[in-house]
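Peer 1: Dropping a prediction and its sequence here:
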Amino acid sequence: MSATIDPTLFQTYFPDETGRPAKVLEIPGRTFPVSKHFLEDFVPQLVSSGQTHWVFTQDTVVRYLKKELPVAVTGQLGFDRGQTGQEVDRDEDLELPYPLIALTISHVLQKTESGHVLVFLPGWEEIMSVQRCLLEPLGSLGINFNNAEQYNIHLLHSSIPLAEQQLIFEPPSPGVRRIILATNIAETSITIPDVVYVIDSGKIKEQRYDPDRHMSSIVSAWVGSSNLNQRAGRAGRHRSGEYFGILGRKRADELQPYQTVEMKRVDLSNVVMHVKALAFPGVTVEEVLAATIEPPSAVRVEAAMKA
């Protein structure tokens, strides 16, 4: 199973005839060590570069760093409390620091000689924003990403035609390094050859449903720590790699182990209709859903039944 699966959950859900948890068979895979770096590990080095210091004058970058880094660190970096005006308190109000992500890509490429870079982003809008920052930066990034003889930028998203996605599996021209801007499609579904460096926004697009307002929305949410480890593991498939998280170490330590399952965060109306159509004899819809491996709350089921 995927590394993002909680085996204990399945063990207790499928006990044997005596009621003991199901057994787990573990088959070790071949992976290489991956060094993990978070914002406080590499941002001070990026700030010290005069050529690219413009990145740290951008409001979105300063706001993000002040949210993710300890006050002591932001103070050392010269971000005074009044620099960006009104402070942002909620994570959902924070825009990803696209110039910082672009600068981190440049930093990785400049300090290494080979290996491709895989960048995890929540969705299409974020992918396009990072691509613009790479190809049309407001200042120097230390690298000219428009030089196709040295760098190729690839986009990996479900809306991209299959033929275009297949290009990342073909060997690049000699001396060309790839930057793959991807969603979580690259987390478990595919393995891209020669990826040695992973840059991770730590975010994912999730559908959320408000049963009180009867409204669904797509939000950018933090991944679980298991997803973070899975993404980091993509850098160690072929040789020792490095992971750069666009989040603070404290944030990484406080992530939930696993993402909230879909049944607990989406509208259950369709699920209720399917269960009704199955017409299980002598069992109500509520009882069927309560017997699932991670059952939704009774309030969400009741709201779906009334819809």
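Peer 2: That came through, no problem.

Peer 1: Give me the spatial nearest neighbour of Ser140, chain neighbours excluded.
Peer 2: Closest residue to Ser140 apart from its sequence neighbours, by CB to CB, 6 or more residues apart in numbering: Gln51 at 5.2 Å. All C-beta atoms are positioned from the backbone trio N, CA, C, and that covers glycine.

Peer 1: whoops, I mixed them up, Phe32
Peer 2: Leaving aside its chain neighbours, Phe32 sits nearest to Gly236 (4.1 Å; criterion: CB to CB, 6+ apart).

Peer 1: give the contact list for the one you found.
Peer 2: Residues in contact with Gly236, defined by CB atoms under 8 Å, 6 or more residues apart in numbering, are 31-34.

Peer 1: Need the buried ones from those residues selected in PyMOL.
Peer 2: Paste this into PyMOL to select the buried members of the contacts of Gly236, with burial taken from 16 or more other CB atoms under 10 Å:
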select buried, resi 34
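
Peer 1: Might you specify the subset of the contacts of Gly236 located within helices?
Peer 2: Applying DSSP state H to these, no entry is found in helices.

Peer 1: of the contacts of Gly236, the lowest pLDDT goes to which?
Peer 2: Lowest in pLDDT among the contacts of Gly236 is Thr31, which has 79.

Peer 1: Do I have it right that that one meets Arg237?
Peer 2: Yes: with contact defined as CB atoms under 8 Å, Thr31 counts as touching Arg237 (7.0 Å).

Peer 1: mind checking the SS state of the residue nearest to His116 when sequence neighbours are not counted?
Peer 2: Distances taken as CB to CB, 6+ apart place Arg178 nearest to His116, at 4.1 Å, with adjacent residues excluded. Under DSSP: H, G, I helix; E, B strand; the rest coil, Arg178 falls in the strand class.

Peer 1: Can you report how many residues neighbour Arg178?
Peer 2: By other CB atoms under 10 Å, 19 other residues sit near Arg178.

Peer 1: Surely it is in contact with Gln150?
Peer 2: No: at 10.6 Å, Arg178 and Gln150 do not qualify as touching, with contact defined as CB under 8 Å.

Peer 1: where's the residue nearest to Phe32 relative to Glu40, distance?
Peer 2: 22 Å (CB to CB, to the nearest Å).

Peer 1: now swap in Ile218 and tell me
Peer 2: Distance of Ile218 to Glu40, given as CB to CB: 30 Å.

Peer 1: Same check on Tyr64?
Peer 2: 13 Å.

Peer 1: Between the two, tell me which one has more neighbours.
Peer 2: Legend: neighbour count by other CB under 10 Å for Tyr64 and Glu40, higher for Tyr64 (23 against 19).

Peer 1: Helix, strand or coil: sort out the more buried one for me.
Peer 2: Here Tyr64 takes the helix state, with states given by three-state DSSP.

Peer 1: swap in Asn270?
Peer 2: Following three-state DSSP, Asn270 is assigned to helix.

Peer 1: same deal with Val198?
Peer 2: strand.

Peer 1: Report the separation between it and Ala303.
Peer 2: Val198 is 39 Å from Ala303, by CB to CB.

Peer 1: which of these two has more neighbours?
Peer 2: Taking neighbours as other CB under 10 Å, Val198 and Ala303 compare with Val198 leading, 25 against 20.
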